[in-house]
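Student: please work out how this folds:
(chains A, B, C and D)
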Number of protein chains: 2
Amino acid sequence: MSHSDLFQKVVSFASSVHEVSHEMTRGVKNEDVTPVQYKILEYMMFSQPVTPSQIADCVDLSLPNTSRELRKLLEKGLCEKAVDDADRRRQLFRLSGDGQAMLDRIFAQAQQGFERKIAGLSGEELKEIERALALLQKKVFK
Amino acid sequence: MSHSDLFQKVVSFASSVHEVSHEMTRGVKNEDVTPVQYKILEYMMFSQPVTPSQIADCVDLSLPNTSRELRKLLEKGLCEKAVDDADRRRQLFRLSGDGQAMLDRIFAQAQQGFERKIAGLSGEELKEIERALALLQKKVFK
DNA sequence: CCCTTTAGTTGTCATTTGATAACAAAAAGG
DNA sequence: CCTTTTTGTTATCAAATGACAACTAAAGGG
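Tutor: Coordinates of the predicted model:
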């Protein structure tokens, strides 16, 4: 197994992961958010509160465009904004109740798809999967 | 380890995979193709020749929009078109020499990034990675 | 043949996304 | 204070994408 062959397998694997996650998050299109807006909300879910600059960095968007999308999310009532008292230039964003509820819906649906995939696997198989995830995340996808 | 916890790990893992592949294919932006056009070319690389209908299915694009993007790729000289003699409604697309060369460049760059990541791993570790990829692709991301 | 279905093209329009300039306000550092 | 830097907003504009109607041409089935 040459490095080239392994690389080919990684490419093919990444493509499968993309396909499956696209399939699992198809619930997004039932909601009134664009793909970019969804990415922002998803990022917000894992690290709250966040500033526009942090979002711009992590979601790979310019600051003006981030600001625009955040305004739209505010108008839709999916997130909330507050000034940072320590540095009043900074704006702290977090999910609103509605925003959290929306992500909960989407994730619940994605988890259902996942449950269907792993239904019927033994406890030992699940442990193997967990080990494989940790291994790859550490050595290849970090 | 509940199913929920495992699901969380899968979500986090998928996110890492997305990030790394985005990083690895950043060579795309040096080339004169849009993201959608790149996806079409990448699909063409793995299955040639393909019809517009097949592309529309696999790249998740309407047939009219697929047709438009294929016309642009033809104008850029990145792919070639031929009618299927067996069914003259069908158009068979494949990469041109230039298109193949472009993908070769992008993949060579991505592979360099990969090589840097796995540099210093032992043969046994590489085998473990290979096994982990196969396991996950079979049981979770199929 | 004629009718229906399939494959693809063309054109048009609205929305989303990306890029950039100009601006305002607060902080930081003399 | 005063200048510079950082953070964010607003306003435009161009390009990319998505959706859909109307059309052509070939195949398929009586």
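Student: around DNA strand D, pick out the residues from chain A.
Tutor: Residues of chain A lying close to DNA strand D (C-beta under 7 Å from any atom of the strand) are A:51-53, A:63-68, A:70-71, A:81, A:87, A:89-91. Every C-beta, even on glycine, is put in place using the N, C-alpha and C of the backbone.
Student: can you show me the helices along chain A?
Tutor: Counting by DSSP state H, chain A has these helices, from start to end: A:3-24, A:35-46, A:52-59, A:63-75, A:97-118, A:123-139.
Student: can you list these in a markdown table and add mean pLDDT and mean neighbour count?
Tutor: Output for the helices of chain A, formatted as a markdown table (pLDDT from 0 to 100; neighbours: other C-beta atoms under 10 Å in any protein chain shown):
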| stretch | mean pLDDT | mean neighbour count |
| --- | --- | --- |
| helix A:3-24 | 93 | 17 |
| helix A:35-46 | 96 | 18 |
| helix A:52-59 | 97 | 17 |
| helix A:63-75 | 98 | 15 |
| helix A:97-118 | 95 | 16 |
| helix A:123-139 | 96 | 16 |
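Student: residue B:142 is nearest to which of the ones you listed?
Tutor: Distances from residue B:142 to each of the helices of chain A were compared using C-beta to C-beta; the shortest belongs to helix A:3-24, at 6.9 Å.
Student: so who does the spatially closest residue to residue A:17 that is not a sequence neighbour touch?
Tutor: Residue nearest to residue A:17 in three dimensions, not counting chain neighbours: residue B:17, with 4.7 Å by C-beta to C-beta, 6 or more residues apart in numbering or on different chains. Counting by C-beta atoms under 8 Å, 6 or more residues apart in numbering or on different chains, residue B:17 makes contact with A:14, A:17, A:18, A:141.
Student: what about 10 Å?
Tutor: Applying C-beta atoms under 10 Å, 6 or more residues apart in numbering or on different chains to residue B:17 gives the contacts A:10, A:13-18, A:21, A:136-137, A:140-141, B:141.
Student: and the gap between it and residue A:110?
Tutor: Distance of residue B:17 to residue A:110, computed by C-beta to C-beta, to the nearest Å: 15 Å.
Student: same deal with residue A:86?
Tutor: Noted for residue A:86: a distance of 36 Å to residue A:110, by C-beta to C-beta.
Student: next one: residue A:78
Tutor: Separation of residue A:78 from residue A:110 (C-beta to C-beta) stands at 18 Å.
Student: excluding its backbone neighbours, what's nearest the residue nearest the centre of chain A?
Tutor: When C-alpha atoms, centre = their mean is applied to chain A, the residue found nearest the centroid is residue A:42 (4.4 Å). Counting by C-beta to C-beta, 6+ apart, the nearest residue to residue A:42 once its immediate chain neighbours are dropped is residue A:103, at 6.9 Å.
Student: in this structure that neighbour contacts residue A:39, no?
Tutor: No: because the distance of 11.7 Å does not satisfy C-beta atoms under 10 Å, residue A:103 is recorded as not touching residue A:39.
Student: mutual contacts of those two, please.
Tutor: Applying C-beta under 10 Å, 6+ apart, one finds that residue A:103 and residue A:39 are jointly contacted by residue A:28.
Student: which single residue in chain A comes nearest to chain B?
Tutor: Closest approach of chain A to chain B (C-beta to the nearest C-beta) occurs at residue A:132, with a separation of 3.8 Å.
Student: my guess is that residue contacts residue B:135. True?
Tutor: Yes: Residue A:132 is in contact with residue B:135 according to C-beta under 10 Å; the separation is 5.0 Å.
Student: what is the burial count for residue A:87?
Tutor: Using other C-beta atoms under 10 Å in any protein chain shown, residue A:87 has 8 other residues around it.
Student: for it, give its distance to residue B:47.
Tutor: The gap separating residue A:87 from residue B:47 is 53 Å, by C-beta to C-beta.
Student: how about residue A:73?
Tutor: Shown here: residue A:73 relative to residue B:47, a distance of 39 Å by C-beta to C-beta.
Student: same check on residue A:132?
Tutor: Using C-beta to C-beta, one gets 28 Å for the distance from residue A:132 to residue B:47.
Student: likewise residue A:2?
Tutor: Distance, residue A:2 to residue B:47, by C-beta to C-beta: 23 Å.
Student: which of these two has more residues huddled nearby?
Tutor: With other C-beta under 10 Å as the criterion, residue A:2 and residue B:47 differ in neighbour count, and residue B:47 comes out ahead with 11 against 8.
Student: what's the closest non-adjacent residue to the more buried one?
Tutor: In space, and not counting its chain neighbours, residue B:47 is closest to residue B:54: 7.6 Å by C-beta to C-beta, 6+ apart.
Student: great, nothing more from me.
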